[in-house]
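J.: pasting a predicted model and its sequence here:
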Protein chains: 2
Amino acid sequence: MVQSRDAERTRSELLDVATEVFSEQGYSGARVDEIAERTRTTKRMIYYYFGGKEGLFLAVLEAAYRRIRDLEQGLHAGDLEPVDAIRRIAELTFDHHVDHPDFIRLVSVENIHRGRHLEKVESLRELGAPAATVLDEVLARGRESGELRADVDAVDVHMMISAYCVFQVANSATFGFLFGRDMLAPDVRARHRRILGDIVVGWLTA
Amino acid sequence: MVQSRDAERTRSELLDVATEVFSEQGYSGARVDEIAERTRTTKRMIYYYFGGKEGLFLAVLEAAYRRIRDLEQGLHAGDLEPVDAIRRIAELTFDHHVDHPDFIRLVSVENIHRGRHLEKVESLRELGAPAATVLDEVLARGRESGELRADVDAVDVHMMISAYCVFQVANSATFGFLFGRDMLAPDVRARHRRILGDIVVGWLTA
DNA sequence: TCGTTAATGTACGAAACGGTACATACATTG
DNA sequence: CAATGTATGTACCGTTTCGTACATTAACGA
């Protein structure tokens, strides 16, 4: 082996490749040997750093959620009018989802297993907060000014936006197959992005 | 063995159990031996009737999609005013999804594998049509009367409704975990059902 | 009734797969 | 520079898992 040692690089390379493989093949479908082969290190290191296949998956989940949390926190819409802010949040969320398909697919995998792994990662307990608080503030302003309806809360809105965005990525294969619509095509994406904005604004200003 | 032979019963029992197991464990996670053990027959029969694990999964997919297609066809909203019809369709779709979680989970599994299996089932080529045509008719009527906006098509609307409904089932574990909302609780379900109607109507009448 | 075929059960094999024992090389610190 | 712990590589083991060879039983028509 020519290159020198670098624990951090080994660790993160395993994490990156594992993210790919798990999101492509599911938890059971992913092969420890395949993950190892796709890196510049060996299977031995998976057990050294993560304890085993499940430990690796937990680490992958944690890293992925942490990445999305950081991005959500950078989402500032405080200086926009409520209606514009809502559309902005929806569109940014949309972009974020379609740009990180691996994460979405990973969440799908975890849901198949009914969130069994997620529960084991203590550090992910209150990770939902950021996305909700931003929306909460905008909704409160809109409610006061009378521009936005008052009978929905931040979680309702976030769920609707998430549902639409997640669907784009997570169900593109079957939906595309059944309705002959390629959801990854740029023009289709742009159209869906605009539609999402219309939906959320139309709903909340009704 | 006391009971007499019954090919059809054996076949359909395998199919039912396989539907459960595949939707609970994913394709790779599902064990042929477990599926067999949960039935009154043996593993041998899986190979006799379906050729193998993949053949069984294909049969499960086909049966599940066929079931949903039949239910969609029974969805008649021709005698309602466009706006009411839209809300009706949304609510019925919602009920249908939450009542058939196995199917939704199966679709998730298939999407993880990028629709690789679905493509092999010739008989599922044009299965999307029914859902779209019903919506198409309602949208056309609403467009003429000026009650519904004209810049969206049936697939757009169907996708939005599907996204929201699928999310309820497919992502209840992770979303529930992150936001402490039990999406399976009856009162929450009723609330989300109403919200979906509000969203679609608000959007299309904007 | 008897033979033929569809249906089913049993036992086993081969490969895949997760995991580990053991050896070793690098780096850091005293 | 010695020494000690961190990091890495190789070879292997035990089990699981899909699949199959072979035997057998029920049904049904000639």
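T.: Yes, it's here.
J.: contact residues of chain A facing DNA strand D?
T.: Taking C-beta under 7 Å from any atom of the strand as the criterion, chain A approaches DNA strand D at residues A:1, A:5-7, A:9-10, A:40-45, A:48. C-beta coordinates here come from the backbone N, C-alpha and C atoms, glycine included.
J.: do you know the pLDDT at the residue nearest to residue A:111 when sequence neighbours are not counted?
T.: With C-beta to C-beta, 6 or more residues apart in numbering or on different chains as the criterion, residue A:111 has its nearest non-adjacent residue at 4.8 Å, and that residue is residue B:173. Here the pLDDT value assigned to residue B:173 is 97.
J.: DNA strand C versus residue A:206, what's the distance?
T.: Distance of residue A:206 to DNA strand C, given as C-beta to the nearest atom of the strand, to the nearest Å: 50 Å.
J.: whoops, I mixed them up, residue A:13
T.: Taking C-beta to the nearest atom of the strand, one finds residue A:13 at 17 Å from DNA strand C.
J.: which other helices and strands contact the helix ranked longest in chain A?
T.: Longest helix in chain A, counting residues (DSSP state H): helix A:7-29. Using 3 or more C-beta pairs under 8 Å, 6 or more residues apart in numbering or on different chains; DSSP states H and E, the elements in contact with helix A:7-29 are helix A:32-37, helix A:43-50, helix A:53-73, helix A:101-112, helix B:7-29, helix B:101-112.
J.: ok, back up a step: make CSV out of the residues of chain A next to DNA strand D and add pLDDT and neighbour count.
T.: Converted to CSV, the residues of chain A next to DNA strand D look like this (pLDDT from 0 to 100; neighbours: other C-beta atoms under 10 Å in any protein chain shown):
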residue, pLDDT, neighbour count
A:1, 37, 6
A:5, 77, 7
A:6, 84, 11
A:7, 86, 10
A:9, 94, 14
A:10, 95, 17
A:40, 94, 12
A:41, 95, 19
A:42, 96, 13
A:43, 97, 16
A:44, 97, 9
A:45, 97, 16
A:48, 97, 14
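J.: now, which of the residues you listed sits nearest residue B:94?
T.: residue A:43 (45.8 Å; C-beta to C-beta).
J.: how about that closest one: what's its closest non-neighbour residue?
T.: Of all residues beyond its chain neighbours, the one nearest residue A:43 is residue A:36 (3.8 Å), with distances taken as C-beta to C-beta, 6+ apart.
J.: so what's the residue count around that neighbour?
T.: 18 (other C-beta atoms under 10 Å in any protein chain shown).
J.: do the same with the one 10 residues further on
T.: Residue A:46 is surrounded by 22 other residues when neighbours are defined as other C-beta under 10 Å.
J.: quick check: it touching residue A:36?
T.: Yes. Assessed by C-beta atoms under 8 Å, residue A:46 is found in contact with residue A:36 at 6.3 Å.
J.: tell me the pLDDT of residue A:2.
T.: For residue A:2, the predicted pLDDT is 38.
J.: scratch that, residue A:193
T.: Value for residue A:193, per-residue pLDDT: 98.
J.: name the element it belongs to?
T.: For residue A:193, the host element (DSSP states H and E) is helix A:186-204.
J.: buried ones in stretch A:79-87?
T.: Neighbour counts over stretch A:79-87 (16 or more other C-beta atoms under 10 Å in any protein chain shown) mark A:82, A:83, A:85, A:86, A:87 as buried.
J.: which one of the residues you listed sits closest to residue A:140?
T.: Of the buried residues of stretch A:79-87, the one sitting nearest to residue A:140 (C-beta to C-beta) turns out to be residue A:82, at 9.0 Å.
J.: and that closest one, what does it touch?
T.: A:138, A:139, A:141, A:142, A:145, A:147, A:148 (C-beta atoms under 8 Å, 6 or more residues apart in numbering or on different chains).
J.: my read is that residue A:188 contacts residue A:176, right?
T.: No. Contact criterion C-beta under 8 Å: residue A:188 and residue A:176 do not qualify, at 9.5 Å.
J.: if you count what's nearby, which of these two comes out ahead?
T.: Neighbours were tallied for residue A:188 and for residue A:176 using other C-beta under 10 Å; the higher tally belongs to residue A:176 (18 against 15).
J.: distance check, the more buried one against residue B:111.
T.: 10 Å (C-beta to C-beta, to the nearest Å).
J.: repeat for residue A:180
T.: Taking C-beta to C-beta, one finds residue A:180 at 16 Å from residue B:111.
J.: of these two, who's got more company?
T.: Neighbour count, other C-beta under 10 Å: between residue A:180 and residue B:111, residue B:111 has more, with 22 against 10.
J.: check the gap between the more buried one and DNA strand D for me.
T.: From residue B:111 to DNA strand D the distance is 20 Å (C-beta to the nearest atom of the strand).
J.: dump the residue contacts of that residue.
T.: A:108, A:170, A:171, A:172, A:173, A:174.
J.: my read: the fifth one touches residue B:114, true?
T.: Yes. A contact is recorded between residue A:173 and residue B:114 when judged using C-beta under 8 Å, the distance being 4.8 Å.
J.: lovely, talk soon.
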